[in-house]
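Q: structure, please.
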Amino acid sequence: MRCTFITHRQLYDLLELDFCTQSRSAFNNRVLRLVRNQYLIRDETPYRSDGYVYSISEKGASELIAGASTTWDRHPGPRMDSSLKAIYHAIELNEIHLALKRSQRLVHWMPETEIRSRNELTDYGYRKDCDALVTVRTDRGERKFALEYERTPKARRQYVQICADIAAERAVNSFLYLAPNYDLLFFLGSCFATLRRPAYLGLAGDFLDKLFDMPLHGATQRAMTTLRDVLRDGYAPSR
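A: Below you'll find the model as predicted:
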């Protein structure tokens, strides 16, 4: 429900890191029962070597919603979606989440579903429905930043509003945009050229390979830095 779409391997890895499972065969049996009893929707075409792709059904969400920290909007199963972009975006965002969990420095990951719920239903939300709000542990305390994985570009005019939302945000100080390639990174830099808030751009591959030591450049200053230095020097207010 929090990931929207997730592969079989990713689901196992997340549960293993949360000490919720240790046996692969027991996990496989549990997931199969959930599929057979229509709590999970399974895409019958495996994703690369990661296995099946799952999304939660209305029945499954109904069982969880009472104890969830968010509302839930019905999201179509993988092959019901008119575009596969949402599926691939979710799966690749899961890898970013997993990299942070493996670092043992992740304090909290608020997914887009919870952010959207807070923004729509309360008066203490955020300016933008970003992909995640991430809180990590550093040698100077906890730091929070807004994370966006920009897998595909939006229209340039849409970034005008995004810049306005970032400029007006008061609950988060730092914004991290990850892109899959240099061309899209360059495009984002041009769209954020007039931004006057701390926003940093980097490659998703560098994040997965180097994490806190990944190279970043400011959206406006263009000076190179690292995610570690950004988090060390920045202060992120808590909410």
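Q: hey, what's His217 bridged with?
A: Beta bridges link His217 to Leu201, Met224 when assigned by DSSP bridges.
Q: what secondary structure does Asp129 sit in?
A: Recorded secondary structure, Asp129: coil (DSSP: H, G, I helix; E, B strand; the rest coil).
Q: got the phi/psi numbers for it?
A: Taking degrees, to the nearest 10, you get phi -80, psi 80 for the backbone angles of Asp129.
Q: what's the neighbour count on it?
A: 15 (other Cβ atoms under 10 Å). Glycine gets a C-beta too; all of them are placed from N, C-alpha and C.
Q: leaving aside the residues next to it on the chain, what's closest to it?
A: Arg116 (4.7 Å; Cβ to Cβ, 6 or more residues apart in numbering).
Q: can you pull out the strands in the protein?
A: All strands of the chain, identified by DSSP state E, fall at 6-7, 40-43, 53-56, 106-111, 132-138, 141-149, 174-179, 199-203, 215-218, 224-226.
Q: can you redo those strands as JSON lines with distance to Asp233, mean neighbour count and mean pLDDT?
A: As requested, the strands of the chain are exported to JSON lines (distance: least, Cβ to Cβ, whole Å; neighbours: other Cβ atoms under 10 Å; pLDDT from 0 to 100):
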{"stretch": "strand 6-7", "distance to Asp233": "34", "mean neighbour count": "26", "mean pLDDT": "96"}
{"stretch": "strand 40-43", "distance to Asp233": "43", "mean neighbour count": "20", "mean pLDDT": "94"}
{"stretch": "strand 53-56", "distance to Asp233": "39", "mean neighbour count": "24", "mean pLDDT": "94"}
{"stretch": "strand 106-111", "distance to Asp233": "18", "mean neighbour count": "17", "mean pLDDT": "96"}
{"stretch": "strand 132-138", "distance to Asp233": "10", "mean neighbour count": "19", "mean pLDDT": "96"}
{"stretch": "strand 141-149", "distance to Asp233": "10", "mean neighbour count": "20", "mean pLDDT": "95"}
{"stretch": "strand 174-179", "distance to Asp233": "10", "mean neighbour count": "24", "mean pLDDT": "95"}
{"stretch": "strand 199-203", "distance to Asp233": "11", "mean neighbour count": "22", "mean pLDDT": "95"}
{"stretch": "strand 215-218", "distance to Asp233": "12", "mean neighbour count": "17", "mean pLDDT": "92"}
{"stretch": "strand 224-226", "distance to Asp233": "9", "mean neighbour count": "15", "mean pLDDT": "92"}
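Q: would you mind giving those as CSV with distance to Ala66 added?
A: Shown next, in CSV, are the strands of the chain (distance: least, Cβ to Cβ, whole Å):
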stretch, distance to Ala66
strand 6-7, 22
strand 40-43, 18
strand 53-56, 14
strand 106-111, 18
strand 132-138, 24
strand 141-149, 28
strand 174-179, 33
strand 199-203, 37
strand 215-218, 41
strand 224-226, 42
